[in-house]
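> sequence first, predicted model second:
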Amino acid sequence: MKTPWIGTSWKMNKTRSEARAFAEALKASPFAKTDRAQPFVIPPFPYITDVADILSGTRVKVGAQNMHWADNGAWTGEVSPLMVKDCGATLVELGHSERRTHFGETDEAVAKKVAAAVKHGLIALVCIGDTRSEYEAGATADVLAKQTRYALRDVGKHAPGKVILAYEPVWSIGEGGIPADPDFANAQHAKLKRLTAEIVGQPLPILYGGSVNPQNCCDLAAMSDIDGLFIGRSAWDPAGYLGIIDAVTKRLGDKP
């Protein structure tokens, strides 16, 4: 039985009290110390310390939604890897399509951030994805390969255990997104595992994210090359998040 990563990023949502209430609900659940999954939550920056303090002593990993590649400097509004760690996070989400689309984040910038995360002992959760036009043109595999090669460019053989990929089709995320067919997603994951093995010496874990919900979570997680789920709005409520972990772990436990 595989142990799937199952996590959620809250994006720019929740107040401090809501963030603390979510963390308390997760801490009180049987999944706070489960060995059947690797839970993780990625709050907005102002609440990382609160959430990390509440979840201290559990198996839940707490992450940041972005960071700069420099340790310090004249980067107004940015947050360094040292600051992320100091807040209690052990994981950092990098290269999300919203960062790429709305804030001009390039493959080059993502590569530098991944290297900085690995240097400072943070797990880099690198988001990669194809747009609707790229998908319709049959270019998905090429787009994902390019983004993956860039992300691993500066870490190479140091990536295993320190870098995780999340395939998030741009056409699948957000309100109105269309979930990828599990077989299609699995095929992309299989290609990426072969590619990462070629680059770093062994296949890296690859999560699927994109309109994951209670109806499709089990079918996605049960696929052979999908190593977990990165969930959006379906997991912003504690009950929704815990319900998905419960459903997925039961489904995987039932597999022969």
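Here it is on my side, so go on.
> where do the strands of the stretch 51-200 of the chain begin and end?
For the stretch 51-200 of the chain, the strands defined by DSSP state E, counting those that start in this stretch cover 61-64, 91-94, 123-128, 163-167.
> how about JSON lines for the ones you listed, with mean pLDDT, distance to residue 145 and mean neighbour count added?
Every residue, glycine included, has its C-beta placed from N, CA and C. Converted to JSON lines, the strands of the stretch 51-200 of the chain look like this (pLDDT from 0 to 100; distance: least, CB to CB, whole Å; neighbours: other CB atoms under 10 Å):
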{"stretch": "strand 61-64", "mean pLDDT": "98", "distance to residue 145": "25", "mean neighbour count": "24"}
{"stretch": "strand 91-94", "mean pLDDT": "98", "distance to residue 145": "18", "mean neighbour count": "24"}
{"stretch": "strand 123-128", "mean pLDDT": "98", "distance to residue 145": "9", "mean neighbour count": "26"}
{"stretch": "strand 163-167", "mean pLDDT": "98", "distance to residue 145": "11", "mean neighbour count": "25"}
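> ends of stretch 131-144, what's the gap?
One end of stretch 131-144 to the other measures 11 Å (CA to CA, to the nearest Å).
> should've said stretch 39-55
Stretch 39-55 end-to-end distance (CA to CA) = 11 Å.
> contact partners of that stretch?
5-14, 16, 19-20, 22-24, 26-27, 31-32, 59-65, 79, 84, 87-89, 91, 93, 241, 245 (CB atoms under 8 Å, 6 or more residues apart in numbering).
> quick check: buried residues in that stretch?
39-44, 47-48, 50-52, 54-55 (16 or more other CB atoms under 10 Å).
> ok, back up a step: export the strands of the stretch 51-200 of the chain to a markdown table and tack on distance to residue 251?
Below are the strands of the stretch 51-200 of the chain laid out as a markdown table (distance: least, CB to CB, whole Å):
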| stretch | distance to residue 251 |
| --- | --- |
| strand 61-64 | 22 |
| strand 91-94 | 25 |
| strand 123-128 | 23 |
| strand 163-167 | 20 |
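> so which of those strands comes closest to residue 231?
Smallest distance to residue 231 across the strands of the stretch 51-200 of the chain (CB to CB): 10.5 Å, for strand 163-167.
> what's the angle between that closest one and strand 123-128?
Interaxial angle, strand 163-167 versus strand 123-128 (axes from the mean of the first three to the mean of the last three CA atoms, to 10 degrees): 30 degrees.
> so what's the gap between strand 163-167 and the chain middle?
Distance, stretch centre to chain centre, for strand 163-167: 6 Å (CA atoms, centre = their mean, to the nearest Å).
> could you do stretch 170-183 as well?
Taking mean C-alpha positions (CA atoms, centre = their mean), stretch 170-183 and its chain are 15 Å apart.
> what does stretch 140-147 give?
18 Å.
> buried stuff in it?
In stretch 140-147, counting by 16+ other CB under 10 Å, buried: 140, 143-144, 147.
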